[in-house]
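Q: need coordinates for the following:
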Amino acid sequence: MNKSRFVLKQASVGASGASDLTRYVAKNSLDHKREGDKARPLFTERDNDLSHWEARKFLSINGGELEREDVLHYVLSFEQPEDFLQSGETDKERCQEVREMVRRALTEGAQNMDIDSWRWVAGIHLNKPHPHVHILINKHAVSQRTNDLTRITKLTPPLVAHYRQSPNGRREFDYGIILNSLSNDVDRRIHERRLLIEKEREKTLAKEAAKLRDDRLALGQAMLARHEVERLSGAISYSKNRDGGGHSRLEKQLETAQTRDEVLQLRAGEIRAKFSEQNTALPVPLLTPEELSKLQNAAVVTRAAKRVRTLEKIRLALAEEHQRPARSTHEQGRLAAQMRLTETDLATLDKRADKFNRHAHLMRWNVSGKRWSLAGVDFAIEKESIRLSFAHAGVAAWLPSTRRTAKGEIARLQEARTETIERINEKRNTFNSQREKASDTLTALSEIRDRETRSHLHQSGNETGNLPAPIYTRAELARMAKHAHEMKDAVLLTEVFKAIEGNDSSLSRADKHPDREFAARTLARGIIAGIDTREAHEKLIENQRTRRFAPVVAYLPNGAIVTGTLRQFEIRTRAEALARILTHSPEQQAKERAIAQAVSERDATLKSDYERAASYFTAARKIGDYYIQEFNREGKAIPPPTFTPHEQQRLDYNSKHGMTAPTLVPDSSSIAATHEQAADRFNQPDARQNQQQEGRTSRDTQTIFRLR
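A: Coordinates of the predicted model:
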C-alpha cells in the first residue's frame with residue numbers, strides 16, 4: 001500500500017501504575033454524545049466489556065499491583081476516519097469489528113515474536129476526529145521456544161514500521177506486521193461491504209427480471225448462434241483440407257445458421273444500444289450450464305482467453321442469481337480436463353516453435369523471383385566476399401571490374417537476406433501469437449481453477465481442496481494423443497491411454513463405450529513411431545559425419561541472425577591463416593562462438609529427439625500389444641491401423657525407397673504380425689548396412705534401424 005491506513009506509536013501519559021493506565025483508557029476525555037456517560041468498556045484477547053479494575057487485574061496476571069515500567073502503552077489511530085465508518089453500520093458494530101481486527105493483529109505479532117502468550121488490554125476512543133485504540137501490554141510474556149518468562153522492552157520490527165532489504169537489494173519501507181494486518185482487515189471489510197452492496201443491487205434487479213428475460217434470452221441465443229456459425233465454418237474448412245469435398249450438407253447447415261445468426265445479432269445490437277442509452281449495465285445473458293460448457297469448450301479449443309473469461313463471468317453471475325454452485329462435480333472435472341488439454345497444446349506449440357527456429361535457416365522463401373534460404377543467401381554472400389579478399393583471390397581482388405561486380409552482387413544478396421529474415425520473422429511471429437493465445441487461455445483457466453479450488457475447499461471442508469479428476473471427451477483425448485505423437489511424448493501417450501482404458505471415470509458420460517478407433521490409431525502411430533525413430537537415428541548418425549559442414553542458425557546478443565558451419569572457421573592453409581589475422585574482427589569472433597554453440601545445441605537436440613522417439617515408440621508398441629491381446633481375448637476382430645493422409649504418404653515414400661512396413665490387412669493375425677514384426681525389426685541392425693560396413697574398421701558401428 002502506498003499510504004498506511006493506521007498510525008501506531010508509543011504513548012506516554014502521567015500515570016503511576018497499571019491501574020492508573022487502565023483508568024485513563026476507560027475514562028479519560030469521554031465524548032458524552034458519542035461514547036456515553038459511563039466508562040469505556042475494555043477488551044482483551046478473549047473478553048469484552050471489562051471495567052478498568054477487571055482489566056488491571058487481568059493485565060497484572062496474578063491480580064496484584066503492576067508497575068508502570070512493566071507496561072507497554074501504544075496508541076493505534078485510524079489515519080482515515082472513513083475506514084472506521086466502513087467497519088459497520090453503527091458505532092457498536094464498528095467497535096466490535098475493530099476489536100476483532102486488533103486481536104488478529106496482536107496474535108500475528110505474538111507469533112512472529114516467538115511468544116506463546118502475552119497479556120494485553122485495549123480500549124477504543126471515539127472522542128477525537130480520528131478514532132483510535134489504546135493498547136496496554138504486560139512486558140512479561142511466555143516464550144514459545146523455552147516456555148519461560150521473557151521481557152519485552154518494546155515492539156520491534158518486523159511488528160512495527162521499519163526499513164527492510166528487498167530481494168533485489170533495494171531499501172524498502174514496511175509498515176510492519178501489525179499495521180499490515182489491520183490494513184488488510186480493513187481492505188477485506190471494504191471489499192465485503194462492496195460485495196454486499198452489489199448483492200443487494202442484484203436482488204433489486206432480480207425483481208425486474210421478468211421484464212429483462214426476453215433481452216437476456218436473446219443475448220444468450222446470439223452467443224449460441226455465433227458459436228454454431230464458427231463451428232460449422234471450422235468443420236467445412238477441415239473437410240476441405242482433408243478430402244477436398246463432401247461438405248455440401250455442412251454448407252447448407254452453415255447457410256441456415258448464418259441466417260439465424262444475422263437476426264439474433266441484430267436483436268443483440270438493439271439491446272446493447274438500449275442499455276447504453278440508459279447508461280445501464282448490460283444484463284447477463286441467459287444460458288444453461290450445458291450451453292455454457294459447450295461455449296467454453298469451443299473457446300478453449302480456439303484459444304480465446306477473453307471469451308473464456310467472459311463466459312466465466314456469466315457463469316458466476318448466473319450461479320449467484322440461482323443460488324447454486326458455479327460448477328457441478330462433473331463440470332469441475334471438465335475444467336481440469338480443459339486445463340490439461342491446454343497445457344499439452346501449449347507444449348506442442350513450444351515444440352513447433354523450437355523446431356522452426358532450428359530449421360528456419362534451411363527453409364526456402366520466394367524472394368525477388370527466386371527461392372532463397374537464409375543459409376543459402378549467406379553462403380552466396382560469403383562466396384562473393386571471398387572475391388574481394390586479396391588473401392583468397394589474390395591480385396584479381398583489386399581489379400575494379402571484379403570489385404564492382406562483387407559489391408553489386410553482395411548488395412543484391414543483402415537485400416534478399418533482409419527480405420528472407422522478414423519472412424522468417426513473420427512466420428516466427430505467427431508461432432509467438434499462437435503461443436501467447438494458448439498461454440493466455442491457460443492463465444484464464446488457472447484463474448478459474450484457483451477460484452473453484454477455494455470454493456470446493458469451502459463447500460467440502462476438505463483440507464486439501466483438490467478438484468475432481470479430469471473428465472475428458474473422446475475428442476479431447478484424441479487431440480492429446482495427437483499432441484503426444486507430435487512431441488514424441490511417451491508419458492502423455494500413456495496418460496491418454498490410461499484415461500481411456502485404465503479409468504472409465506475420466507471420460508464423459510456420453511463417451512463411455514469401447515473405442516476401436518483409438519486402438520486403430522494407436523496401432524498406426526506405433527508403426528509411424530518406428531519410422532520416426534529410425535529416421536531420428538539416421539539423422540543422429542548422419543550428423544556425426546556432416547556436423548562440420550551442415551549449416552546452423554545462431555542468434556547474436558545484439559539480435560542479429562547469422563548462419564554458418566564449423567568448416568568456415570577452420571584454418572586449412574597458410575593463406576587462410578594470414579586472412580584470419582587480417583580480417584578476423586570481434587564480430588567474426590562472436591559469430592564463430594555462436595556457430596560453435598549452435599552446433600553443440602544441434603548435437604544435443606538430435607540426441608534428445610532420438611531418445612524421445614525411441615521412448616515414444618516403446619510406449620506405442622506396448623499400448624498396441626495391449627489392444628491386440630484384449631481383442632484376441634474377447635474374440636473380436638482387431639481393427640486395422642488407421643493412418644492419416646500424411647502418414648500414408650510417408651508409408652508410400654518408405655515403400656518406394658525399399659523401407660516398407662509389412663502389408664497391413666484387416667485380419668487379426670496379419671495385423672498382430674505386422675505390429676510385432678515392425679517392433680522386432682526396428683530393434684535389429686539393417687543387414688545391408690552391416691554388409692557395407694564390413695572391412696571398414698574406422699567407421700562408426702552404430703546400427704541404422706529399419707522398419708520394413
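
Q: helix, strand or coil for the residue lying closest to residue 122 once chain neighbours are set aside?
A: Spatial nearest neighbour of residue 122, excluding adjacent residues (CB to CB, 6 or more residues apart in numbering): residue 135 at 4.5 Å. Any C-beta I mention is one placed from the backbone N, CA and C, and that applies to glycine too. Reduced to three states with DSSP: H, G, I helix; E, B strand; the rest coil, the structure at residue 135 is strand.

Q: how many neighbouring residues does residue 600 have?
A: Around residue 600 there are 12 other residues, counting by other CB atoms under 10 Å.

Q: any idea of the pLDDT on it?
A: According to the model's per-residue confidence, residue 600 sits at a pLDDT of 91.

Q: which parts of the protein belong to which domain?
A: Structural domains assigned to the chain are 6-201, 207-331, 515-708, following automatic domain parsing.

Q: residues near residue 212, how many?
A: When neighbours are defined as other CB under 10 Å, residue 212 has 17 of them.

Q: for it, give its distance to residue 220.
A: Counting by CB to CB, to the nearest Å, the gap from residue 212 to residue 220 is 12 Å.

Q: cool, residue 518 as well?
A: Distance, residue 518 to residue 220, by CB to CB: 35 Å.

Q: this protein: strands as residue ranges?
A: 6-10, 42-43, 71-78, 115-117, 120-125, 132-138, 140-143, 149-151, 162-165, 171-174, 364-367, 370-373, 552-555, 561-564 (DSSP state E).

Q: give the rounded mean pLDDT of the fourth one.
A: Think strand 115-117. Here the mean pLDDT over strand 115-117 is 86, rounded to a whole number.

Q: name the nearest residue to residue 624, ignoring sequence neighbours.
A: Once chain neighbours are set aside, the closest to residue 624 by CB to CB, 6+ apart is residue 526, at 4.4 Å.

Q: list the contacts for residue 444?
A: Contacts here follow CB atoms under 8 Å, 6 or more residues apart in numbering; on that basis residue 444 touches 305, 308-309, 312.

Q: give me that answer again for 10 Å
A: Taking CB atoms under 10 Å, 6 or more residues apart in numbering as the criterion, residue 444 is in contact with 299-300, 303-312, 339, 342.

Q: lowest-confidence helix or strand of this protein?
A: Each helix and strand of the chain was given a mean pLDDT (mean pLDDT, DSSP states H and E); the minimum falls on helix 687-693 at a mean of 38.

Q: ok, now how distant is residue 413 from residue 380?
A: From residue 413 to residue 380 the distance is 5 Å (CB to CB).

Q: residue 642 now?
A: The spacing between residue 642 and residue 380, counted by CB to CB, is 46 Å.

Q: ok, residue 617 next?
A: Distance from residue 617 to residue 380, counting by CB to CB: 40 Å.

Q: which of those two has more residues huddled nearby?
A: When neighbours are counted by other CB under 10 Å, residue 617 and residue 380 differ, and residue 617 comes out ahead with 29 against 17.

Q: ok, that one touching residue 535?
A: No. With contact defined as CB atoms under 10 Å, residue 617 does not count as touching residue 535 (11.4 Å).

Q: about what we covered before: to residue 232, which of the strands of the chain lies closest?
A: Between residue 232 and the strands of the chain, the tightest spacing by CB to CB is seen for strand 364-367, at 33.9 Å.

Q: what comes into contact with that closest one?
A: Applying CB under 10 Å, 6+ apart, the contact partners of strand 364-367 are 370-377, 415-424, 426-427.

Q: buried only: go through the residues you listed for me.
A: Listed as buried from the contacts of strand 364-367 are 372-377, 416-417, 419-421, 423-424; burial here means 16 or more other CB atoms under 10 Å.

Q: which pair of those spans the longest distance?
A: When these are compared pair by pair using CB to CB, the maximum separation belongs to 375 and 419, at 15.1 Å.

Q: need the single longest helix in the chain, by residues.
A: Assignment by DSSP state H gives helix 400-460 as the longest helix of the chain.

Q: now do the contacts for residue 262.
A: Contacts of residue 262 were listed using CB under 10 Å, 6+ apart, and they are 225, 229.

Q: thought residue 414 was touching residue 368?
A: No. Counting by CB under 10 Å, residue 414 sits too far from residue 368 to count as a contact (11.8 Å).

Q: still on that earlier bit, tell me, how many neighbours does the residue nearest to residue 122 end up with?
A: The burial count assigned to residue 135 is 22, neighbours taken as other CB under 10 Å.

Q: and the pLDDT for it?
A: With respect to pLDDT, residue 135 has a value of 94.

Q: so what sits opposite it in the bridge?
A: For residue 135, the residues forming beta bridges with it (DSSP bridges) are residue 74, residue 122.

Q: my guess is it meets residue 119, correct?
A: No. Contact criterion CB under 10 Å: residue 135 and residue 119 do not qualify, at 11.5 Å.

Q: overlap in contacts, the two.
A: With contacts defined as CB under 10 Å, 6+ apart, no residue is adjacent to both residue 135 and residue 119.

Q: what distance do you get for residue 52 to residue 68?
A: Going from residue 52 to residue 68 by CB to CB gives 15 Å.

Q: same thing with residue 22?
A: Noted for residue 22: a distance of 11 Å to residue 68, by CB to CB.

Q: for the stretch 501-650 of the chain, just list every one of the helices.
A: Read by DSSP state H, counting those that start in this stretch, the stretch 501-650 of the chain holds these helices, from start to end of the chain: 516-546, 574-583, 586-634, 645-656.

Q: return the most buried member of these.
A: Among these, ranked by average contacts under mean count of other CB atoms under 10 Å, first place goes to helix 516-546 (a mean of 20).

Q: which helices and strands sit right next to it?
A: When contacts are defined as 3 or more CB pairs under 10 Å, 6 or more residues apart in numbering; DSSP states H and E, helix 516-546 sits against helix 474-487, helix 490-497, helix 586-634, helix 645-656, helix 668-682.

Q: got the angle between the first one and helix 645-656?
A: I take that to be helix 474-487. Between the direction of helix 474-487 and that of helix 645-656, the angle (axes from the mean of the first three to the mean of the last three CA atoms, to 10 degrees) works out to 40 degrees.

Q: in CSV, list the C-alpha atoms belonging to helix 474-487.
A: As requested, the backbone C-alpha atoms of helix 474-487 are provided in CSV (Å, rounded to 0.1, in the frame of the first residue of the first chain):
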residue,chain,number,x,y,z
ARG,A,474,-13.2,-38.5,-26.8
ALA,A,475,-12.3,-35.5,-29.0
GLU,A,476,-10.0,-34.1,-26.3
LEU,A,477,-8.2,-37.4,-25.7
ALA,A,478,-7.8,-37.8,-29.5
ARG,A,479,-6.3,-34.3,-29.6
MET,A,480,-4.0,-35.0,-26.7
ALA,A,481,-2.9,-38.3,-28.3
LYS,A,482,-2.1,-36.2,-31.4
HIS,A,483,0.0,-33.8,-29.3
ALA,A,484,1.8,-36.8,-27.7
HIS,A,485,2.6,-38.1,-31.2
GLU,A,486,3.8,-34.8,-32.4
MET,A,487,6.0,-34.2,-29.4
